[in-house]
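Trainee: this is a predicted model, with the sequence first.
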Amino acid sequence: MSLPRWMEPLLEAGEMREIDRWAINERTIAVDELMERAGEGLAGVISRRAPAGRVVFVCGKGNNGGDGIVAARVLRQAGRDVEVLLVWPAEWMGSDAQAQLKKLPGAKPVAFEAGRLNKAQVIVDCVLGTGSSGKPRSPADQVISEMEAAKAPVIAADVPSGVDATTGEVEGPAVHCVATAAFHRPKVGLWVRPGKEYAGEVDIVDIGIPRGGPARPDAGLIGSGVLREVPRRGATSTKFSSGNVCIIGGSRGLTGAPAMTALAAMRAGAGYVTVGAPASLELSFTVRLLEAMVVGLPEDGDGHLDASGLEPVLKAVVRADAVVLGPGLSKNPQSQALARAVAPRIDVPLVVDADGLNALAGQLEEILAGRRWPTVLTPHAGELGRLLEVDSAEVERSRLRHVREAAAISKAFVVLKGDDTLVAAPSGRVAISRGRAPGLATAGTGDVLSGVIGAMLAKGMPVAQGACAGVYAHLRAGQIAAAPHGPDGVIASDVIASLPAALSA
Ligand SMILES: NC(=O)C1=CN([C@@H]2O[C@H](COP(=O)(O)OP(=O)(O)OC[C@H]3O[C@@H](n4cnc5c(N)ncnc54)[C@H](O)[C@@H]3O)[C@@H](O)[C@H]2O)[C@H](O)CC1
Ligand SMILES: [K+]
């Protein structure tokens, strides 16, 4: 199935090779033509981003190196001071790159020497591209470390060397770049951490590959178009048709979380919101949430939901169009047992967040896979690590692999939060947020996200769309909240207040 219109496709290295082969074999576009356009585009990116001073190209032996040689020629012909350093002997280079070497006017390329990077105004990394696999090996590893240590900014050809173009994983040395010139389409690894942190700004270079190629990408960036899919209120809408969300959670000391989830759901357009929380805490919700309903649920007498509350919870959610389980729930064993009992019994779309996720640790399949209605899980790396029983550092090393694994096991949509929020479907398809909303790095913004996604699902959006619309609106709200005074003083309540503006953008 092709990607929805609101997703901008990202390619894996293998998919790019497939498209490349198709363009060459089926559309009879010559490799040197593609390389010429890639090199010209790369030269354009360098001219725009570093308009003066010496340009030092560091070229490997594959076609990525060949692109660099073309760009070096274009810039020399334009009068720029250009030096070309080779990582491997020229005769080891591929035939297409060697052909480009012959056309290079001016000084011949020389063997790589770290000292030569000192005179660079800008370094161009053409060591490894989509043809690289695994950790950089000698001599590329040493060269990459030297480029990383150099003072001058680095611009990458296609992908920063050391970053896996397909996964964004970084196993060994890699280069932090200010920008990456992505040929034809950006590769997935440029948008997934840690690779994203190395890529810098991504400039797309059209290399003349026609439409209609063979690859059917399974990953893409979430575009603003997803907001056009959000149902809007009309003249005949009622509070119920706008979406009825029920939030189950809260505990002594953790009453802010469900309150923010509720407010976020309302600001994201839900017409009717209920909070089900420990009975002794009812008053704190009643005074804070003027527009929401509050249902007191059985508790242990100390402000924690009790496992005996299953039936009352099911009663509280009976008219809901979507349920959010977990904000402020706490790690109390009784409350956790309640979450495990509730999750399989909710017969509407369900969002599980925070301590609701911790309750599912190691039992994803058992508890969720049999659900008949869609489920969305919204973990950060620590919570995903607990769900899969792996270290959070391991999750951070290979975010795509772990988010897909959790989605496959639980048959749920899994939203792995971060600057590169990843939304994985059980099928393996992944939608990626562009990120860049540092204002969201503060307590409570996760509760806001679960409320927004809850609202989208309650409006009847298909789950993939609803989760992505929620992620996108939340990101925009974080940016809008930071607009007047920068990200540092933003609090989650500001993000909630910015949701209507974000959703109307
Ligand atoms: N996609 C397109 O349409 C076009 C892409 N171009 C550019 O070509 C590269 C891909 O080129 P390829 O020759 O396949 O691979 P690389 O340049 O990435 O070089 C691989 C090179 O390095 C060796 N190698 C592989 N892995 C490692 C490693 N871990 N450590 C050390 N060395 C490694 C391998 O043996 C090869 O020799 C693409 O990114 C674009 O930049 C075209 O120029 C235009 C069309
Ligand atoms: K590169």
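Mentor: Received, thanks. Ligands and ions are numbered 1, 2, ... in the order given.
Trainee: which residues in the stretch 301-450 of the chain form strands?
Mentor: 322-325, 350-352, 375-377, 413-416, 422-424, 430-432 (DSSP state E, counting those that start in this stretch).
Trainee: which of those strands sits closest to Arg80?
Mentor: Among the strands of the stretch 301-450 of the chain, strand 430-432 comes nearest to Arg80, with 35.1 Å by C-beta to C-beta. Backbone N, C-alpha and C define where each C-beta goes, glycine included.
Trainee: what lines up beside the closest one in the sheet?
Mentor: Pairing partners of strand 430-432, with direction, according to DSSP bridges: strand 219-222 (parallel), strand 422-424 (antiparallel).
Trainee: just the CA coordinates for stretch 311-322, please, in PDB.
Mentor: Output in PDB follows, covering the C-alpha atoms of stretch 311-322 (Å, rounded to 0.1, in the frame of the first residue of the first chain):
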ATOM      1  CA  GLU A 311     -16.500  -3.100  37.100                       C
ATOM      2  CA  PRO A 312     -16.800   0.600  38.100                       C
ATOM      3  CA  VAL A 313     -14.100   1.500  35.500                       C
ATOM      4  CA  LEU A 314     -16.000  -0.400  32.800                       C
ATOM      5  CA  LYS A 315     -19.200   1.400  33.800                       C
ATOM      6  CA  ALA A 316     -17.400   4.800  33.700                       C
ATOM      7  CA  VAL A 317     -16.200   4.300  30.200                       C
ATOM      8  CA  VAL A 318     -19.400   2.800  28.800                       C
ATOM      9  CA  ARG A 319     -20.300   5.900  26.700                       C
ATOM     10  CA  ALA A 320     -16.800   6.900  25.800                       C
ATOM     11  CA  ASP A 321     -15.600   6.900  22.200                       C
ATOM     12  CA  ALA A 322     -12.000   6.600  23.300                       C
END
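Trainee: re earlier: now the strands paired with strand 430-432 in TSV, with mean pLDDT and mean neighbour count?
Mentor: What follows is the strands paired with strand 430-432, written out as TSV (pLDDT from 0 to 100; neighbours: other C-beta atoms under 10 Å):
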stretch	mean pLDDT	mean neighbour count
strand 219-222	98	22
strand 422-424	99	27
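Trainee: nearest to ligand 2, out of those strands?
Mentor: With C-beta to the ion, the closest approach to ligand 2 among those belongs to strand 219-222: 20.1 Å.
Trainee: just checking, next helix/strand downstream of that closest one?
Mentor: Towards the C-terminus, the helix or strand next in line after strand 219-222, according to DSSP states H and E, is strand 244-248.
Trainee: now do that next one: which elements does it pack against?
Mentor: helix 256-267, strand 272-278, helix 310-316, strand 322-325, helix 445-458 (3 or more C-beta pairs under 8 Å, 6 or more residues apart in numbering; DSSP states H and E).
Trainee: is it true that Gln479 lies in a helix?
Mentor: Yes. If the criterion is DSSP: H, G, I helix; E, B strand; the rest coil, then Gln479 is within a helix.
Trainee: returning to that earlier point: just send the strands of the stretch 301-450 of the chain back as a markdown table, with distance to Ser242 too.
Mentor: Output for those, formatted as a markdown table (distance: least, C-beta to C-beta, whole Å):
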| stretch | distance to Ser242 |
| --- | --- |
| strand 322-325 | 12 |
| strand 350-352 | 17 |
| strand 375-377 | 19 |
| strand 413-416 | 22 |
| strand 422-424 | 24 |
| strand 430-432 | 25 |
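Trainee: for Leu254, which of these is the nearest?
Mentor: Of all those, strand 322-325 comes closest under C-beta to C-beta, at 14.0 Å.
Trainee: quick one: the closest one to chain centroid distance?
Mentor: A distance of 23 Å separates the centroid of the chain from that of strand 322-325, by C-alpha atoms, centre = their mean, to the nearest Å.
Trainee: quick check: which helices or strands does that strand pack against?
Mentor: So strand 322-325, by 3+ C-beta pairs under 8 Å, 6+ apart, packs with strand 244-248, strand 350-352, helix 445-458.
Trainee: state the mean pLDDT of that strand.
Mentor: The pLDDT scores in strand 322-325 average 98.
Trainee: list the pairing partners of that strand within its sheet, with orientation.
Mentor: When DSSP bridges is applied, strand 322-325 pairs with strand 244-248 (parallel), strand 350-352 (parallel).
Trainee: among the ones you listed, which comes closest to Gly14?
Mentor: Closest among those, using C-beta to C-beta: strand 350-352, at 33.4 Å.
Trainee: how about residues contacting that closest one?
Mentor: 322-326, 339, 343, 360, 371, 373-378, 450, 453-454, 457 (C-beta atoms under 8 Å, 6 or more residues apart in numbering).
Trainee: nearest residue to the closest residue to ligand 2 within the stretch 401-505 of the chain in space, please, no chain neighbours.
Mentor: Taking C-beta to the ion, ligand 2 has its nearest neighbour within the stretch 401-505 of the chain at Asp420, 20.0 Å off. Once flanking residues are discounted, Asp420 sits nearest to Arg193: 4.8 Å by C-beta to C-beta, 6 or more residues apart in numbering.
Trainee: mean neighbour count, distance to ligand 1 and mean pLDDT added to the strands paired with strand 322-325, as a markdown table?
Mentor: Shown next, in a markdown table, are the strands paired with strand 322-325 (neighbours: other C-beta atoms under 10 Å; distance: least, C-beta to the nearest ligand atom, whole Å; pLDDT from 0 to 100):
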| stretch | mean neighbour count | distance to ligand 1 | mean pLDDT |
| --- | --- | --- | --- |
| strand 244-248 | 32 | 45 | 98 |
| strand 350-352 | 32 | 39 | 98 |
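Trainee: those: which one's closest to ligand 2?
Mentor: Nearest of the strands paired with strand 322-325 (C-beta to the ion): strand 350-352, 39.6 Å.
Trainee: what does the protein have sitting close to ligand 1?
Mentor: 16, 20, 34-35, 38, 60-67, 94, 128-137, 140, 157-158, 183-184, 207 (C-beta under 6 Å from any ligand atom).
Trainee: how about the nearest residue to Ala369 once chain neighbours are set aside, what does it touch?
Mentor: Excluding the flanking residues, the one nearest Ala369 by C-beta to C-beta, 6+ apart is Lys411, at 4.8 Å. The contact partners of Lys411, by C-beta under 8 Å, 6+ apart, come to Leu368, Ala369, Arg371, Thr375, Pro426.
Trainee: cool, and Thr274?
Mentor: Thr274 touches Asn244, Val245, Cys246, Ile247, Ala292, Met293, Val294, Val295, Ala316, Val317, Ala320, counting by C-beta under 8 Å, 6+ apart.
Trainee: turn the residues you listed into CSV, columns for distance to Ala505.
Mentor: What follows is those, written out as CSV (distance: C-beta to C-beta, whole Å):
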residue, distance to Ala505
Asn244, 25
Val245, 22
Cys246, 28
Ile247, 26
Ala292, 26
Met293, 30
Val294, 32
Val295, 34
Ala316, 34
Val317, 32
Ala320, 28
